[in-house]
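**Q** Mind folding the following:
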Amino acid sequence: MGSGRASRSSAPRRPDARLRPSPDASGSAASEEARGRQHGTATVRIDPDGIRDLRVGYAPDRDGAPDAGEVVWTWVPYEENDGRGKDRPVLVIGRESPDRVFAVRMTSKAHDGDRDYLSIGSGDWDSQGRESWVDVEQLYSVHERGLRREAAALDRGRYDRVALALRRRYGWSSEG
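**A** Numbers count the residues shown, from 1 in each chain. Predicted coordinates for the structure are as follows:
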């Protein structure tokens, strides 16, 4: 006799996400909420046209550190840059410094026909299995301590499509 509810096996897969260790030993909810927002470790939008030597490569390594090809979650400021923002997935595309990476933001809002967005399909970073889009116009500098969790590694084929779009648009080189 069925209950009318979907079986557990038909529910969307939860992301294979791992929480990052808190830099604040207290592990308080307040310290988790502040990740990606605090001065010095804040996620910041930067002008991609000003970046000349970025090497876009594929190097995921589920070691807790963000690597190119991995989808991670961080607090991303809204375009108005007025202190508001939201927790969202970003795709890491390269290293900026020993403690910062370059990333492009992702969204589940459809952007068919918009040249600033590239569809990458669905993946483990979205618990609802929605199609995702990468915003190739907005580049972010993400501090490793500003990450909330690792969500998934994008497969090589989809990452290469994103990397090609970025290289064509900004003249960046490929890694390796």
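
**Q** low-scoring stretches of this protein, by residue?
**A** 1-39, 176 (pLDDT under 70).

**Q** where do the strands sit along the protein?
**A** 18-19, 44-46, 55-56, 70-77, 85-97, 100-107, 117-121, 132-143, 147-153, 173-174 (DSSP state E).

**Q** ok, residue 153 - contacts?
**A** Residues in contact with residue 153 (Cβ atoms under 8 Å, 6 or more residues apart in numbering) are 60, 62, 69, 70, 71. To be clear about C-beta, it is placed using only N, CA and C from the backbone, and glycine gets the same treatment.

**Q** ok, for residue 139, nearest residue in space, not its chain neighbours?
**A** residue 48 (4.0 Å; Cβ to Cβ, 6 or more residues apart in numbering).

**Q** now that neighbour: how far from residue 40?
**A** 22 Å (Cβ to Cβ, to the nearest Å).

**Q** Pick out whichever of the two has more residues nearby.
**A** Using other Cβ atoms under 10 Å, the more surrounded residue of residue 48 and residue 40 is residue 48, with 18 against 8.

**Q** And that one, how close does it get to residue 156?
**A** To residue 156, residue 48 is 23 Å away according to Cβ to Cβ.

**Q** Also residue 112?
**A** Noted for residue 112: a distance of 25 Å to residue 156, by Cβ to Cβ.

**Q** Between these two, tell me which one has more neighbours.
**A** For the pair residue 112 and residue 156, the greater number of neighbours falls to residue 156 (12 against 7), based on other Cβ under 10 Å.

**Q** List the single closest residue to the more buried one in space, sequence neighbours excluded.
**A** residue 58 (5.7 Å).

**Q** Just give me the residue closest to the centre of this protein.
**A** Centroid-nearest residue in the chain, with Cα atoms, centre = their mean: residue 90, separated by 1.3 Å.
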